[in-house]
Each structure stands twice: as C-alpha cells, then as structure tokens.
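Asks: Could you look at this predicted model? Sequence included:
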Amino acid sequence: MALPKSRSGRSTPLRDSSFERMEAAGSWDALEWTTIEPVSRSISHTNLEFLLEAEEVMVEGYGVVLVNTDEAGTLLVTNFRLLFLSEGTRGIIPLGTIPLMTIEKFNKTVPRTQSTPRQFDKGSGRRLLLVTGKDMRIIVFGFRPRTKQRREIFDALMRFTRPSRIWDLYALISGPSTFKNTNPQVRLLNEYFRLLGDRSSHASVSMIEDGSFTLSNDLWRISSVNSNYTMCQTYPFALIVPKYISDEEILQASNFRSKCRLPVVTWCHPGTGAVLARSSQPLVGIMMNMRSNMDEKLVAGLCTLLTGAGGKQRKLYIADARPRKNAIANGAMGGGSESSANYFQSEIVFFGIDNIHAMRDSFSRLRDYLDTHGASSSDGMSSFLRHGASIWGGGNLSSMSASVTVLGESGWLTHVQSVLAGSAWVAARVALESASVLVHCSDGWDRTTQLVSLACLMLDPYYRTFAGFQALVEKDWLAFGHPFSDRVSMPTVSGGVNLPFELSRQSSTGSFSSSPGRQSSGSARSQNPSASHAHTSNEYSPIFLQWIDCVSQLLRMYPFAFEFSSAFLVDLVDCVLSCRFGNFLCNSEKERQQCGLAEASGCMWAYLADLRSANGSSHIHYNPFYDPLKHDGPLLPPAAALAPTLWPQFHLRWASPAEAQAGGLEAHCRSMASKFSELQKAKEVAERKAMEITTAVDSLNAELRNERHSSNSALILANRAKKETDAIKRAIESLGCNVHFSRSGDCTVDVENSLIDTSKKFTSTSRRQSGSTVQTDESSDLSVSITVMADDVVPSNNPLDRVCETLCPLRTRDGGCKWPDAVCAQVGSQFVGLKANFDAFDRLSIYDGYFQPK
C-alpha cells in the first residue's frame, strides 16, 4: 500500500566506497562500524508524523544499515510494521519499511566468504538480519557488533509477527476509524439482484433478518437454505440456484460434493441465459462409480433451454481445473471427477493447473531470481547490474542466457498463462456458444475461484469498473470462502496462526541459487537452524496475488477496457498482505460474521476510495486510457495473445525500482490529462470572467443610455426654463422694473415709477413664500409662478406683492385686486411663458364693479 510521505527525500549513502572496501577485504568490519555515530536515543514518538492511528513503537535500533542500498538509519518495530528511517532526514525509506504481516520469514545471518582464515576471523563479528516479504522483496539489515540491537529487533519480530489471537492484529486494535465498513451481506445481495435483472430491489439488513431476500426470475432464484451456514460453512448465506430445484433437494445434493460445496450459479448472462457455476469435486470414490441423483438433477438444471432455438437444450461444460492425473489420484481419498455419461448434455475438460504448493514454490523461485538479478540485491553486491553493463553477467554470454533460463525455471509465468488460458476458454464457451460452464477443482476455493472470477471479468464490463471489481472480489473470493487466513498466513478465529513457525524453506531448484542464502562467495548463511523463522504454514500460497497478476496481464492487453490502473492493483495487494483492514481476515463469511469484523475494523474499499477522492480522475488509481464504449462487451483474448510477462509495477518495484516504472506512457498520459484538466478549469474561469465583464459592459451601456436620456431631458428643461426666465424678465421690465438674476439664484428688482419718489430695490431668493413666489432650482432651471391671492388671504411682506400694490391703480383700499381691469392684465400679452395658478382664480372675490358698464 502507499506509504505515508516522509518529511524529506532519500538519505545519502553511508560511504561511497563501502561495497568496494567490503569486497576487497572480504569482511563487514571494513565498514568501520565503530566510526558510525548512532543517532540520539531520545526519539519522540509523538513527533513521528508518519505513524498511523493506534500505531505504537515497540523497539528501536540505531546505526542500522540497509544492506540492499547501503543506507544508514534507525530501525523501528511498531505494532503494525517494520519502519526504517533515514539517518539524516528522518524520512521513511520504502524498501526497508514492511508491514509485519507481509513478512514471510526472517532469520539472523552472517556473511560467509571464501577468504583467508585471518579475514574469516575478522568477519566473525558481523550481525545481519534477513527479512523476506510476501510482496517480492528480500531485505537485509546490518547491525553494529557487540550490541544487543539485533536480538531486540529479532525478539520483537517474533512477538508481533505471530500474534496469539486475531484480536491482536493491528486491524482490530485500530478499529474502524474513518474508514467504516457497511454490511458485506447487503452488498452481496445487491449484486445477486443485479445478476437476476432486478434493478428495483435494494437489499437491507432487515431484509436479511426476516429472510425476504429470496427473489427470483424466470430461471433462477435466491435460496436461504444456507442462511445459518448449517449446510456449508464455507459458502455464503445466500445462493443462486435453478428455480425449480427445492431447498430439500439442494440439501441432498450437497452431500455428494467435497466440503458440501454443491454447484451454484455465480454469474448469469443477461441475454442468452447461460451461466457460470462453481462447486467442489464430486465424491465419486476410488472406483469412480459413485453417483447422486440429486447432484445430477441440480447440474442438469444449469442446462436451460436455448433462447430462440426451438426448445433445444444448451450444452454444459464441466471444467476441472486440475491435471487429469491429480483428479484420478484424488479418487483414492474419495474425490475425483464427473463422468459425462452421468451428466446430461455435458462435456468434461481438464485445465492442468497445479496446486497451491507448486504455486508457492514457483513464487519463491521468482522472488529469488529477481533479487539475484535486480538492481538492489539483498547481499548488496551480487547483482549483475549493480556495477554497470560492462560486467553484466560477468561478461559471459552463457551467464546471461542462464539468467533467462532461471526465470523460465521458476514456472511463475507458465502458471499465470495456464490460469489465463483456462479463463479465456470458459469465457469463450459462454459468449460464443451460449453454453453453461461448471468449474471446480478439489475443494473449489483456489483454482476454481481464480478461473470463475477471471472469466466473469472477461464477460462482464461492469466488473472492470471500481464498483464492479469490488463486487466481484467480495462475491467470488470472500463470500465463496477463499481461505485468506490460510493462504496469506494470518491468525484464525480459533486462536493463533494456523501452524507453529517452521524452519525457512530452502530453494528447491539445484540450478537456482537462493538469495541471499545462496552458497556462493559473498553470500550470507544462517547462524544456526533455530534462528530462521517462517511466518507461513504449509497452507500458505499466493493464490490471490497470482489472480491479480492475471488481471494485470489483461490490463496490459486491453488498456482501454479497465477503469482502474495497475497502481490500484498494487495497492490492493499491499492492503491484503498487510492485514491493515479487516475485509480479508478469516477463511469464510461465517467466520467474519462471528467475529463482527465489519464493525470492529476499517474497510479497505473505503480507504482506497478515499485515496481516489483526493485528486479525482487524475489520481494514480484511475486508468487514463479507459474508454467504456470501446470494450462494452466480452474480452476474448486469442491463445496467441496469452503470453504473460513480468508485472513490472509489482515484480520489479523492489529489485529494480527504475525499471518498475515501465508504465511511463501511462504516467505521461496521466500528467497530460491532469494538465488538460487544469487548462479546462482555467478556461471555465476565464469564460466566467468574460461573462461577468460582458454583463458589466452591458450594464454600463444601459446606464450610459439612461444618462444620455437624462442629459437630453435636462437640456430640454434648461432651454424651457431659459425661455420662461426671459419671458418673465420681459414682462417685469414692461412694468418698469429692471430684473437681475445672479448665479446663486437671487433675483434683484429695481422699481422706478412716477408714483414712487425714490427707487426701491427688492431682492428675492428661490424660497417658497405665501403670496407670489419666484423659484429657481439647483440646476439653474427657473420656474416662476405668479399667484393671485384671494381677498381673504392676509397680504405678505413679499417685495413683489408690494411692487404690484404700487403699480396697480385699480386696487381697492382694503388691498383687493381689481383684476381683470388691472394694468397687469391689460399688458398680459407680454407675459409669455407665465404659468397661471387657476386654483387661485377660483378663490377670487368677484365685485359688482367688475361687471358695471363703462
């Protein structure tokens, strides 16, 4: 899994010439251990930012050297992993950091060299610790002599790599944390509903509790016969079986299969009705003549009628994953294989895939090969590539050819090809012939699971997405009882590990030199047999890892067909091997339900989804080439294409880290996609800004138009006011007055009349008063209103009123106006533009004198 980021980069080597000096002297004392200054022992564990939640440091070792890369640092044993920190930067060195449950074996060693007796005596003080991982790495730590650090680290590994019970695993100590799990049984039922074509139903816990999940379609039904795991302890609580087969008949048929793992449906073709089914071997006995009517009826139920074939029955293939000789040999223990004569419309085929023990040995040989010929060998000096191409293979072409031969002798790629070929054959029968296929091996939980799940991956595009791949793994690997505790060598619910620690296995191939336990010059050997401890039992085998390897081969052949990338598969394998989460603990669904692992531990799927959510589609788990429309049907690779290669992202990441990045094109494409995404976001931001600017410009244009309209209106009003002002001025001047208007709005009137002895100056401002008013506004628009007062209105002291009183000869003694006989009315033609207040006219006092004849 992805390690936490260290606070700094890679540390510098302890000494540039350490390996040359070691080879020259033939002794690790040439490294001058006494000159290595150990770091301070007062490391504050609270300041170790890379520690996970609930992770605690148990033992520390100082001045330790990682022999593979010649880096010095501090070695920590926590309750979850072995941590190697750089001496200078305190950053994590990934090669030297490995989860405890990923360790396959570890032992104390000392270098053994073919040197002079003096050199051998000098080298007797060297202290090495070899750690072999299940993830293809072999690492060696060197400790200072005359210290007890190696003993302390070794004892801590003995104690924490084999917990006494499952509850001592880090996954259960840390709890669910932020990566909470949902009920896996609910997810299994939802997948069953999808397979039956029921998109409207959704599973729930209450549905499981009341048993209402037994839905069906025209051909198949979900049975609750195993809801309490009484029929088969390694099968899930719900099974898909032929619709017309009763639960009583299912119970009878289960007795004829090994471990009661009877034939059940694991995938249905939505169009043709063909199915993939799985089971264990039949118990035909040593004479191969035992039969079961119920088993034969159940298997015949898989051969439904072909759609549109006029009532013709479809063909059934029974695929036995084992070599034929192994199937016959199993007859001696009561097992065996079917006879096509006893099973209607059937044909028996054998795939010849070897058992778990052959896979374990092959994996071990491949790991030794990579360590021997990689760039970072565990002995620090035996790699052909370490000192450059000039001495690659020792300059001997036969040595180069021998290394390639050794890769072939490991057999790993041959086994991968066998699984791929068998799965492709099964998928082709279902897709091209509309035939149903029943797959089994001995117990039906190793090779059967590999073949069925890989065939489903080829047939169903849904399984090639993140959600579909999770559903596939949970259905065919977890629910159908692949024994993960046995195969990964984890503690079981019964107590401790499956078997006591055993002595580490020696390489089984004479032409293959184990690394670094190989018996050549410069290699290391165990100090004593009791110092070597394996974390694995005889049931350990990398079956799930081999299946993931097959998936990576399909991903290489069909890069557009998968939503996930090779990096996702690597992190998935690391999560499974590390036991950091509880999804893959125990051997069956029943055991996980009994332990309550879904509630007591974190969920690996939630953790991986959380990683992806950080960067979206640009995350390394996403396949940048994925095109769901390009491969929306089955993948049927021809035999010529099934030539597997090493999976560089996994097989080479420790031995040859530079070459492990063989997917450089994928990384470059992802980088381009990320840049394109950034450009898209920048484009969207720019478009939004442009839209905002356009809106602002439109708003300003509208305001400008309004301002222009207002300006035009103001200009018209100003012209009108000017005309009115000129008219008033002329009217008043016609009465013998000189009118002067100032910019401040004040009005000065000089009155000269024969009735007045002296000139009087009246000044009026633009304030509204009772009587007559002269108004000006701030915009210099002048509106003058002359109001005629009623008789009952008390005269004001307005100067204009006094002007009118002085000029008007027809005013009465009490001040009343004699209009319209007044002079002002007679010269009314001169008052152009005046506004009359007609409301005042209505209030005028009418005198009889107005109407007397002249």
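Replies: It's in.
Asks: Could you pull out the helices in the stretch 651-800 of the chain for me?
Replies: Secondary structure of the stretch 651-800 of the chain (DSSP state H, counting those that start in this stretch): helices at 657-660, 664-734, 799-807.
Asks: hmm, I was thinking of the stretch 351-500 of the chain
Replies: So, for the stretch 351-500 of the chain - with DSSP H, counting those that start in this stretch - the helices run 356-373, 397-410, 412-433, 447-459, 466-472, 484-488.
Asks: in the stretch 1-150 of the chain, which spans are helices?
Replies: 18-25, 117-122, 149-160.
Asks: Now do the second one, average pLDDT.
Replies: Put plainly, it is helix 117-122. Summarised as a single mean, pLDDT over helix 117-122 is 36.
Asks: that older thread, please convert the helices of the stretch 651-800 of the chain to CSV, extending it with mean pLDDT.
Replies: What follows is the helices of the stretch 651-800 of the chain, written out as CSV (pLDDT from 0 to 100):
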stretch, mean pLDDT
helix 657-660, 81
helix 664-734, 87
helix 799-807, 54
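Asks: winner for burial among those?
Replies: Of all the helices of the stretch 651-800 of the chain, helix 799-807 carries the top mean neighbour count, a mean of 18, counting by mean count of other CB atoms under 10 Å. All C-beta spots, glycine's among them, are computed from the backbone N, C-alpha and C.
Asks: Alpha carbons only: can I get stretch 427-444 in CSV?
Replies: Once non-C-alpha atoms are left out, stretch 427-444 reads as follows in CSV (Å, rounded to 0.1, in the frame of the first residue of the first chain):
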residue,chain,number,x,y,z
ALA,A,427,-15.5,-17.1,-21.3
ALA,A,428,-15.5,-18.1,-24.9
ARG,A,429,-17.8,-21.0,-24.3
VAL,A,430,-20.3,-18.8,-22.6
ALA,A,431,-20.1,-15.8,-25.0
LEU,A,432,-19.7,-17.7,-28.3
GLU,A,433,-21.7,-20.9,-27.8
SER,A,434,-24.2,-19.7,-25.2
ALA,A,435,-23.2,-22.8,-23.2
SER,A,436,-23.2,-23.1,-19.4
VAL,A,437,-20.0,-23.9,-17.6
LEU,A,438,-19.5,-25.6,-14.2
VAL,A,439,-15.9,-25.1,-12.8
HIS,A,440,-14.4,-26.9,-9.9
CYS,A,441,-11.0,-28.2,-8.6
SER,A,442,-10.6,-30.2,-5.4
ASP,A,443,-12.2,-28.0,-2.8
GLY,A,444,-13.5,-25.3,-5.1
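Asks: need the helices of the stretch 351-500 of the chain in JSON lines with distance to residue 163, mean neighbour count and mean pLDDT, can you?
Replies: As requested, these are arranged in JSON lines below (distance: least, CB to CB, whole Å; neighbours: other CB atoms under 10 Å; pLDDT from 0 to 100):
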{"stretch": "helix 356-373", "distance to residue 163": "22", "mean neighbour count": "22", "mean pLDDT": "92"}
{"stretch": "helix 397-410", "distance to residue 163": "32", "mean neighbour count": "14", "mean pLDDT": "68"}
{"stretch": "helix 412-433", "distance to residue 163": "30", "mean neighbour count": "21", "mean pLDDT": "95"}
{"stretch": "helix 447-459", "distance to residue 163": "27", "mean neighbour count": "27", "mean pLDDT": "97"}
{"stretch": "helix 466-472", "distance to residue 163": "28", "mean neighbour count": "19", "mean pLDDT": "96"}
{"stretch": "helix 484-488", "distance to residue 163": "12", "mean neighbour count": "24", "mean pLDDT": "92"}
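Asks: got the ones you listed as a markdown table, with distance to residue 71 columns?
Replies: Listed next are these as a markdown table, based on distance: least, CB to CB, whole Å:
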| stretch | distance to residue 71 |
| --- | --- |
| helix 356-373 | 17 |
| helix 397-410 | 26 |
| helix 412-433 | 29 |
| helix 447-459 | 38 |
| helix 466-472 | 36 |
| helix 484-488 | 29 |
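Asks: Minimum distance to residue 256: which of the ones you listed has it?
Replies: Nearest to residue 256 among those is helix 447-459 (16.6 Å), distances taken as CB to CB.
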